[in-house]
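Colleague: pasting the structure only:
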């Protein structure tokens, strides 16, 4: 049978001709193992076409599960033509796996909800599914099912499952006064990309194509920091962790609220990517507002006692990874920024709910 | 603080004033136990406001997980004004738990994705969340999180998690030639409701208000047959199972395809609700088309060797439950209906993809 992927097939045809071949290899049996030998094995995945996917677990272990709806066709940069359907599929999976990484968990599975307009050509629908699958391959966890069907527009949502050694899950509520506050890398790139590409109507200053590519990568190929998260959870010294998907400020405020502490953040210590600094200048704002604000990056923000920093740094370095100290947890519940000139102010930046 | 729920609050306010109070009691610690003492305990639920919910499992056991997007605001009967926001929230949860029931699993958790238009009044938003919660209470599993935020219309999706004793999960692929085919009860009610209420434009014949209520109940208060599913899985004699959410015919075809068998279904044995027969007459169609077609009911369709029927019947009866035998699995891969007059034909009815 010859399939013309420029056409928009009905759902049974899409499932049999596009989805099924992409997931045929799950039948081989996927499994993952934690440090104590605890295992999660896939017994029935997407290829089984059953009501649910099935896993076998031994124990004891902890399971984490979360859902992320992503704006998909309503992404600003998709509407502007900078992201395609493969990109939003990839993003869907990574946004969900980032929540798994933030718990210190080993990714076990993704469930993807892909609802598409009936008129979407098969080749475009295939791009969505392939984007999801590529991100799953990247983190090493299968896309075991979900819900595929029609809707009036592309609607994307997902749920991810992860496993952690018993007692090892990284929550937001364990930070203690005196703990050091750390972040795994640059934030603000996603917001810088939105600001740069979103304000192109009136011939603003262009940056190089290479730099544009770096900016777009924050949206096209976001990375869930699974390896970082596993190092943090298996270290046994991390007291809290969260991803920065609502922005760095929101992550810090959330850890503060859940843990019952405050934070003193050093402006000098905040990692600022050159590109973020450049876009800040172009858009007439302060770099710290982009770095702290509601930028949808997937860095991990975490706390730990200072005495364990050298040990964790060494573990990270052994994996060619690193992190940056940006502040200290305080008994006072306030969350403050110490400016470069030594003055103190409330942590700046938009703290709430990105409009990705 | 006095909250005016007729207004449309911003998201932080909805979360703190509406969602948080509804989930505050999860902190008490929920757990469920399987027949061998295997436990799943909730360590962090929706009240923890973390990246994910966290469960502790011991083992060995099997976990099942699935996702269902529901049309929500695009439900035909919602658009016509017969369902309200509480109803579609309730439906979302039950549709997801029905997949758990069909695997023979004990429901462990629901993740709900509730995206709402910014203009939706708080009291209407609250109805959605309360509908979801009521259905969760009904099956005894907590709504541990998900994703709440804005969108251009009400968008509802969910994922559910369940647990089964090791080796006990009910799949679609275990039916063997000679097995009896059974169903837990009436199908066709959901389709009858759509047909009846959807064709009211030109003053068609009305049925009594009481009967209208029964029809609507298929959409307003669908029930995931968790107790039935648990009896089926712990019986150890059931060879396959699926829910009838795509219709009875679709369920039978799917078990046939996955198991590599055919079925001979007896028209005489099909359970036909009086109300379905009445709507069939009113709408000029055959009752069997409603009973077998793409009606979104949540009955369980299953197979088992005939010799174990008396034992399972007794177990069901001890719980005031029952089921009906409707056919037999065959070596031939065909799925046929034996009509009341003894003639044979391909199984009638629309088999694919409801447009709920």
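Modeller: On my side now, so go ahead. These numbers come from a predicted model, not from an experiment. Numbers count the residues shown, from 1 in each chain, chains lettered A, B, ... in the order given.
Colleague: what segments of the stretch 151-300 of chain A are helices?
Modeller: With DSSP state H, counting those that start in this stretch as the definition, the stretch 151-300 of chain A shows helices at residue ranges A:189-198, A:209-220, A:226-235, A:248-259, A:274-282, A:287-292.
Colleague: quick one: buried residues of the fourth one?
Modeller: By neighbour count on 16 or more other Cβ atoms under 10 Å in any protein chain shown, the buried set for helix A:248-259 is A:248, A:249, A:250, A:251, A:252, A:253, A:254, A:255, A:256, A:258, A:259. C-beta here means a position set from N, CA and C on the backbone, and glycine is covered the same way.
Colleague: ok, back up a step: of the helices of the stretch 151-300 of chain A, which is nearest chain B?
Modeller: Shortest separation from chain B across the helices of the stretch 151-300 of chain A is recorded for helix A:248-259, at 6.9 Å, computed as Cβ to the nearest Cβ.
Colleague: need the helices of the stretch 151-300 of chain A in TSV with distance to residue B:280 and mean pLDDT, can you?
Modeller: Shown next, in TSV, are the helices of the stretch 151-300 of chain A (distance: least, Cβ to Cβ, whole Å; pLDDT from 0 to 100):
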stretch	distance to residue B:280	mean pLDDT
helix A:189-198	55	92
helix A:209-220	52	95
helix A:226-235	54	98
helix A:248-259	55	96
helix A:274-282	65	95
helix A:287-292	63	94
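Colleague: could you dump the ones you listed into CSV and include distance to chain B?
Modeller: Conversion of the helices of the stretch 151-300 of chain A to CSV gives the following (distance: least, Cβ to the nearest Cβ, whole Å):
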stretch, distance to chain B
helix A:189-198, 17
helix A:209-220, 18
helix A:226-235, 10
helix A:248-259, 7
helix A:274-282, 24
helix A:287-292, 18
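Colleague: closest to residue B:241 out of these?
Modeller: Nearest to residue B:241, of all these, is helix A:226-235, at 34.7 Å by Cβ to Cβ.
Colleague: what's in contact with the closest one?
Modeller: For helix A:226-235, the external contacting residues (Cβ atoms under 8 Å, 6 or more residues apart in numbering or on different chains) are A:35, A:97, A:100-107, A:139-140, A:164-165, A:168-170, A:184, A:238, A:241, A:300, A:302, A:304, A:308, A:311-312, A:315-316, A:319, A:321, A:323.
Colleague: what residues of that helix count as buried?
Modeller: Of all the residues in helix A:226-235, those buried under the rule 16+ other Cβ under 10 Å are A:226, A:228, A:229, A:230, A:231, A:232, A:233, A:234, A:235.
Colleague: between those residues, which is closest to residue A:327?
Modeller: Comparing those against residue A:327 with Cβ to Cβ places residue A:232 closest, at 17.1 Å.
Colleague: with adjacent residues omitted, what lies nearest to that closest one?
Modeller: The spatial neighbour of residue A:232 that comes closest, neighbours along the chain excluded (Cβ to Cβ, 6 or more residues apart in numbering or on different chains), is residue A:238 at 4.5 Å.
Colleague: so that neighbour sits right up against residue A:170, yeah?
Modeller: Yes - the pair residue A:238 and residue A:170 passes the contact test of Cβ atoms under 8 Å, sitting 5.9 Å apart.
Colleague: state the pLDDT value of the residue most central in space within chain A.
Modeller: What sits nearest the mean C-alpha location of chain A, by Cα atoms, centre = their mean, is residue A:98, with 3.3 Å. Here, the pLDDT recorded for residue A:98 equals 98.
Colleague: can I assume it sits in a helix?
Modeller: Yes - under the criterion used here (DSSP: H, G, I helix; E, B strand; the rest coil), residue A:98 sits inside a helix.
Colleague: list the contacts for it?
Modeller: Under the criterion of Cβ under 8 Å, 6+ apart, the contact list for residue A:98 reads A:222, A:224, A:225, A:243, A:245, A:298, B:51.
Colleague: any idea of the angle the host helix or strand of residue A:314 forms with helix A:226-235?
Modeller: Using DSSP states H and E, the secondary-structure element containing residue A:314 is helix A:309-318. Put simply, helix A:309-318 runs at 140 degrees to helix A:226-235, going by axes from the mean of the first three to the mean of the last three Cα atoms, to 10 degrees.
Colleague: quick one: mean pLDDT over helix A:309-318.
Modeller: Mean per-residue pLDDT for helix A:309-318: 98.
Colleague: likewise for stretch A:173-183?
Modeller: Model confidence over stretch A:173-183, given as mean pLDDT, is 98.
Colleague: now it: how far from the chain's centre is it?
Modeller: Averaging C-alpha coordinates over stretch A:173-183 and over its chain gives two centres that are 21 Å apart (Cα atoms, centre = their mean, to the nearest Å).
Colleague: stretch A:265-283 now?
Modeller: When C-alpha coordinates are averaged (Cα atoms, centre = their mean), stretch A:265-283 and its chain have centres 21 Å apart.
Colleague: also stretch A:19-28?
Modeller: Average the C-alpha atoms of stretch A:19-28, do the same for its chain, and the two points are 25 Å apart (Cα atoms, centre = their mean).
Colleague: that stretch: which residues count as buried?
Modeller: By neighbour count on 16+ other Cβ under 10 Å, the buried set for stretch A:19-28 is A:19, A:22, A:23, A:26.
Colleague: next: stretch A:294-313.
Modeller: A:294-304, A:308, A:312.
Colleague: so which of the residues you listed are in strands?
Modeller: Taking DSSP state E, the ones among the buried residues of stretch A:294-313 that sit in strands are A:300, A:301, A:302, A:303, A:304.
Colleague: got a list of what the last one touches?
Modeller: Just to be clear, that refers to residue A:304. With Cβ under 8 Å, 6+ apart, residue A:304 has these contacts: A:179, A:180, A:182, A:235, A:237, A:238, A:239, A:312.
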